[in-house]
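J.: attaching a predicted model along with its sequence, questions to come.
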Amino acid sequence: MDTCTNYTVPWAEVTRALTEERHELVLSGPEVAKRIDSNGCGFDQRVYGLTKLNFLEISSTGLQSIDPGIGQLHSLTNLVLRCNKLFVLPNSLCCLKLLKILDVSNNHLAELPSSLGDLVDLRTLDACNNVLVALPESLTNCTKLATLYVSNNNIESFHDNFYSNPCPLIAEIQAQSNRIVEIGDGISNLSSLKKLNLDANQIVNVPVCLSDCLKLKELSLKDNPIKDNRLKKLVHDANPSKKVLDYLSRQGEGKSGKGKGKGKRGGREAREASVSEEQSQFRIEVLPFSKSLEVSVTEEVLAVRRYIVCCLVKGVELDAESLKKFLQTQTALHDSVCGKRLKATIATHDVAALRAPLKYHAMVPDEVSLIPLGRGKSFTGEELFATLKTEAEHYRLQKKRSSISGIHKYLELMEGVEKYSCLLDDGGNVISLPPLTNADKTKLSVATRDILIEVTSNDNLATCKQVLDVLIYKMLIDCGLGEAASGGEGGPVRLIVQQVRVVGDADKELRVVYPSRNDLPLQNVTVVRT
């Protein structure tokens, strides 16, 4: 199908993205669909010139084809093309070398291009609800692929190369409602597999080697014509995963002449114990968001410092030493992963001192009012900036050096800024002034039990999430802020993290929720989501 290369009226969203050099663009819904005629000729082709985009979503528009020009968007890390009428994807997708998430679900795709194998940084592929009959063999070249969603297609089997040269990090496969007849013995090569859903396929025999996937915790095989009646019953039991895997393990032991040995700790159970022993030392439990603590983002702040991502860390036990270590960690991250606050800024708050919900806003400096960290009186933004500049100059003269430290070294980030980004509580009080400082009112102390973490950036949401991933990992591993999950010694050390939603202030549409299911990809840490 040829793509029309002209359009009648430039789209306002695309014009804004061009003039403001935006990193994200969302084109979705019936209004956008009305601009696109049946041949796609209403689509604004200038989208393919937005080379600074990190996130592009074109969804629910009825779009039937994507121009090869999409390959010019070299900075893309997230591409969402769901709920359209796409019949084919261009081979030029192979040029998107930084792409981590590709969502082409709910289209009319009969195949995926072999060039997908060139997406070496791809972590998540969602191709659910299409008419795929097979996966490209080149997919195994995506060595960082961790999640594969291909449910509701016409796939008949996983090709041999999928098992013989597997993606080493593949942890989740959702392939229900296809036409898969056999799983294949090579499934045991997927050593990182944790979740496997093959419901509503045509599977007759389940290989016993499936029990050799020692990290596999969630297995679903319902609504298949399984020949083994005992197994067929087990897959429909409540909490079937462990029962099915134990059954397959015993079947395998019997065939190898080791005996069933119900009273013995052997087979999968013993191997699983050795694998999980290391994994279970550190654990993050993710709780769903609460409507009572939500962050809304105003239009005014989008032109100042547009991205904010937040989460709660609950039930911490702080003493003087651990608090000091945590604050030192935060400072170190500002100089490293945050690029000296040029890329991102971290702020932490005692939840007990907050009045939720919160608002992320932008104000002119003389309208900002707060008592900054370590200061005993209130300042306007303008007064604070002038005071800090005077202090910095005095410090230079006193120390006879050009470099300065502490908060003063970030003053240049605020030089000449017409409006300051700020986080406000429900009473309109400024509790954070990124990238400079926080309000003294919400500072952490040894009495703090729940911590709100905010990360702001003018780069992209991915940067905010990366910083949060690193900080949460260090809170658990390095700062000693976790607790024994069992309440005593010998159990895993856990950190409880609660999601926080960020929405538009006017439309209340979701901007981001953290941590989502794709966040916290941490080594040697088990993430449990409730």
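T.: Great, that's in hand. In this text, all values refer to a predicted model and were calculated from it rather than measured experimentally.

J.: which residues in the stretch 51-200 of the chain form strands?
T.: Per DSSP state E, counting those that start in this stretch, the stretch 51-200 of the chain carries strands over the ranges 55-59, 78-80, 101-103, 124-126, 147-149, 172-174, 195-197.

J.: what strands line up against the first one, and which way round?
T.: Think strand 55-59. Within its sheet, strand 55-59 is paired with strand 24-28 (parallel), strand 78-80 (parallel), according to DSSP bridges.

J.: buried residues in the helix or strand just after the first one?
T.: For strand 24-28, the succeeding helix or strand toward the C-terminus, using DSSP states H and E, is helix 30-35. Of the residues in helix 30-35, 32, 35 count as buried by neighbour count, 16 or more other CB atoms under 10 Å. For glycine as for every other residue, the C-beta is placed from the backbone atoms N, C-alpha and C.

J.: can you list the neighbours in contact with helix 30-35?
T.: Outside helix 30-35, the residues that touch it by CB atoms under 8 Å, 6 or more residues apart in numbering are 9, 11, 42-44, 58, 60-62.

J.: can you redo those residues as CSV with pLDDT, neighbour count and distance to Asn438?
T.: Output for the contacts of helix 30-35, formatted as CSV (pLDDT from 0 to 100; neighbours: other CB atoms under 10 Å; distance: CB to CB, whole Å):
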residue, pLDDT, neighbour count, distance to Asn438
Val9, 76, 8, 46
Trp11, 89, 18, 39
Gly42, 69, 21, 47
Phe43, 83, 28, 45
Asp44, 88, 19, 42
Ile58, 93, 23, 38
Ser60, 90, 16, 40
Thr61, 90, 23, 42
Gly62, 89, 17, 47
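
J.: mind listing what Glu20 touches?
T.: Ala303.

J.: follow-up on the earlier one: which of the strands of the stretch 51-200 of the chain sits closest to Val295?
T.: Across these, Val295 has its closest neighbour in strand 55-59 (18.6 Å, CB to CB).

J.: what about Thr456, neighbour count?
T.: Using other CB atoms under 10 Å, Thr456 has 27 neighbouring residues.

J.: hmm, it is touching Tyr420, no?
T.: No - the criterion here is CB atoms under 8 Å, and Thr456 misses it with Tyr420 at 11.6 Å.

J.: widest-spaced pair of the contacts of helix 30-35?
T.: Longest span within these, CB to CB: Val9 and Ser60, 20.3 Å.

J.: tell me how many other residues crowd the spatially closest residue to Val364 that is not a sequence neighbour.
T.: Spatial nearest neighbour of Val364, chain neighbours left out: Lys419 (5.7 Å); criterion: CB to CB, 6 or more residues apart in numbering. The number of residues packed near Lys419 is 18, by other CB under 10 Å.

J.: roughly how far does Lys419 sit from His361?
T.: Applying CB to CB, to the nearest Å, the value for Lys419 to His361 is 9 Å.

J.: same check, this time on Pro521
T.: According to CB to CB, Pro521 and His361 sit 32 Å apart.

J.: of these two, who's got more company?
T.: A count of neighbours by other CB under 10 Å puts His361 above the other of Pro521 and His361, at 22 against 14.

J.: list the neighbouring strands of the helix or strand where that one lies plus their orientation.
T.: For His361, the element it lies in under DSSP H and E is strand 358-363. Each strand paired with strand 358-363, and its direction, by DSSP bridges: strand 295-297 (parallel), strand 420-424 (antiparallel).
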